[in-house]
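**Q** A predicted structure for the sequence below; I have some questions about it.
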Amino acid sequence: MWQDSAACKGLDSRIFLSGVTSRVQLAKAVCATCPVTRECLAFALAHEDYEPHVYGGLTGEERKKLFAAA
């Protein structure tokens, strides 16, 4: 599974909760180093997951805008 290769594997999941600017920046920094960011984003978009957390390098609001534009 692609999740096994994720840079976030084993990290505290609270890092990826949006709403706190410093958390979003940290989460996006982790995502920037991740070899499976595309797969993660595709998963979130396929499941229309717009919850307030970072997936695939994007916040829920950013994913919602991306999905609406497609």
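**A** Perfect, thanks for sending it. Owing to the predicted nature of the structure, the values given are computational and were not obtained by experimental measurement.

**Q** What residues does the residue nearest the centre of the chain make contact with?
**A** Against the mean C-alpha coordinate of the chain, by C-alpha atoms, centre = their mean, the closest residue is Tyr55 at 1.3 Å. Counting by C-beta atoms under 8 Å, 6 or more residues apart in numbering, Tyr55 makes contact with Phe16, Cys40, Leu41, Phe43, Ala44, Asp49, Arg63. Just so you know, the C-beta spots here come from the backbone N, C-alpha and C atoms, and that holds for glycine as well.

**Q** quick one: contacts of the host helix or strand of Val24?
**A** Val24 belongs to helix 21-32 when assigned by DSSP states H and E. For helix 21-32, contacts defined as C-beta under 8 Å, 6+ apart pick out 7-8, 11, 14-18, 37, 40, 53-54, 56-57, 59.

**Q** Sort those by pLDDT and name the bottom one.
**A** Least confident of the contacts of helix 21-32 in the model: Ser18, at 74.

**Q** residues near that residue, how many?
**A** The number of residues packed near Ser18 is 18, by other C-beta atoms under 10 Å.

**Q** Tell me which residues of the lowest-mean-pLDDT helix or strand in the chain come out buried.
**A** In the chain, the helix or strand scored least confidently by mean pLDDT, DSSP states H and E is helix 60-69, which has a mean of 88. Neighbour-count burial for helix 60-69, counted by 16 or more other C-beta atoms under 10 Å, picks out Gly60, Glu62, Arg63.

**Q** For these, give me TSV that also has distance to Thr33.
**A** What follows is the buried residues of helix 60-69, written out as TSV (distance: C-beta to C-beta, whole Å):
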residue	distance to Thr33
Gly60	21
Glu62	19
Arg63	20
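
**Q** So which of these is the closest to Gln3?
**A** Closest approach to Gln3 among those (C-beta to C-beta): Arg63, at 17.5 Å.
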